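In: Okay, here's the prediction I keep looking at, along with the sequence it came from:
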Amino acid sequence: MNIGLIVGGKSEEREISLKSAYNVKKSLEKLNYDFIIFEPTDKDFFKKIQEIDIVFNCIHGDYGEDGKIQGFLETLNKKYTCSDSDACYITYDKYAFYEFFKDKLNLPKTHITKEYIKNPFENYPVIIKQRKGGSSNGVFIAHDEKEYSEYLKYNLKKYNQTMIQEYIKGEEYTISVLENSQNFITLPYLKIKPKKEFYDYQSKYTEGFTNLIIDNIEDPKIKNEIEKTKNTLLKYFNFKDIFRIDIIIKDNNPYILEINTVPGLTNLSDLPTSANAAGIDFTKLVEIIINNHI
């Protein structure tokens, strides 16, 4: 079996993709798999795709996480890791996700705009967020009108469509899900304690900026809501292998922030931390993902 480790891309998350791929590469070597590493920009990209049996997708952000590479591989009937094109599209487009699931899941109230508008929530703080993308790029907390104006104008100029979201103050958690032999296992909950105001890009990828705490949450109501969220996602879309649910818990109610279909696999990433807490080291995690497609 020949595995193609696809990496890089041109998004703001390219650096994270390369770090994820480096860890996967080391595990593939330990597992004695035959593999090649390539990027979608390679001149012989299409030829390489034809020669491999399974694509291990390590591209975060545009192209790798928005359904494009998934749709392309589906037309070629190629096996690939992580969720299918529909699941990736609906979760990567945060406003599409909001519109589809707002009556099915507990989501923060959200508005979208292509132009400058007054704060639709009147009060502060509010969240300013780009419509697509990950790693908290283009995410800001606006505490007053001055910050609101600055952040909204910045995002409109850089990303065009921008979301304005209700600010939920509470405890932040990430819930990682692993598929193993067609069973979707909820890994130990991870409580996020950034040293900055929120879990931004720097907090996610700089050692020492965030404490990741395994917290199994004793409240049965919260646990039940998390499982209901996972099952609702699986009911409507074809999630595969690994995905992550980011939530804020306020007054014992979990609010769903977003879903990540190609979670980071760096040394500081959330999902490998949760897997390790379940007794699944990184190489075993990679092996489980590949075995899902054999």
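Out: The structure has been received and is ready for your questions.
In: first to last residue in stretch 85-104, what's the distance?
Out: 21 Å (Cα to Cα, to the nearest Å).
In: residues contacting the residue most central in space within the chain?
Out: For the chain, Asn260 is the residue whose C-alpha lies nearest the centre (Cα atoms, centre = their mean; 2.1 Å). Contacts for Asn260 (Cβ atoms under 8 Å, 6 or more residues apart in numbering) come out as Glu65, Thr91, Gly134, Phe243, Arg244, Asp246. C-beta coordinates here come from the backbone N, C-alpha and C atoms, glycine included.
In: Lys230 and Lys102, how far apart?
Out: Applying Cβ to Cβ, to the nearest Å, the value for Lys230 to Lys102 is 18 Å.
In: Same question for Ile214.
Out: On the measure of Cβ to Cβ, Ile214 and Lys102 end up 31 Å apart.
In: Please apply the same query to Tyr167.
Out: In terms of Cβ to Cβ, Tyr167 sits 17 Å off from Lys102.
In: what about Gln50, which helix or strand?
Out: Assigned by DSSP states H and E, Gln50 belongs to helix 45-51.
In: I'd like to know which elements that helix is packed against.
Out: strand 2-6, strand 34-38 (3 or more Cβ pairs under 8 Å, 6 or more residues apart in numbering; DSSP states H and E).
In: Show residues contacting that helix.
Out: Contact with helix 45-51 is made by Asn2, Gly4, Ile36, Phe38, Glu39, Asp42, Val55, Leu73, Leu76, Lys78, as judged by Cβ under 8 Å, 6+ apart.
In: pLDDT score for the last one?
Out: Read it as Lys78. Lys78 carries a pLDDT value of 95.
In: Heading C-terminal from the lowest-mean-pLDDT helix or strand in the chain, find the next helix or strand.
Out: When the helices and strands of the chain are scored by mean pLDDT, DSSP states H and E, helix 201-205 comes last with a mean of 52. Proceeding N to C from helix 201-205, the next assigned helix or strand is strand 210-214, under DSSP H and E.
In: Is there a neighbour count for Ile290? I'd like the number.
Out: Neighbour count of Ile290, defined by other Cβ atoms under 10 Å: 21.
In: for it, helix, strand, or coil?
Out: Following DSSP: H, G, I helix; E, B strand; the rest coil, we place Ile290 in the helix state.
In: wait, doesn't it sit right on Asn2?
Out: No - applying Cβ atoms under 8 Å, one finds Ile290 not in contact with Asn2, separated by 11.7 Å.
In: For the strand or helix carrying Ile164, the averaged confidence score.
Out: Following DSSP H and E, one finds Ile164 within strand 162-166. Averaging the model's pLDDT scores along strand 162-166 yields 95.
In: Which residues outside that strand are in contact with it?
Out: Here strand 162-166 makes contact (Cβ under 8 Å, 6+ apart) with 94-95, 98, 108-114, 117, 119-121, 126-131, 138, 152, 155-156.
In: same question, stretch 285-293
Out: 3, 24, 27-28, 31, 33, 54, 56, 79-81, 178-182, 240-242, 272, 275, 280.
In: now swap in stretch 22-34 and tell me
Out: With Cβ under 8 Å, 6+ apart, stretch 22-34 has contacts from 1-3, 5, 35, 37, 56, 58, 265-267, 272, 282-283, 285-287, 290.
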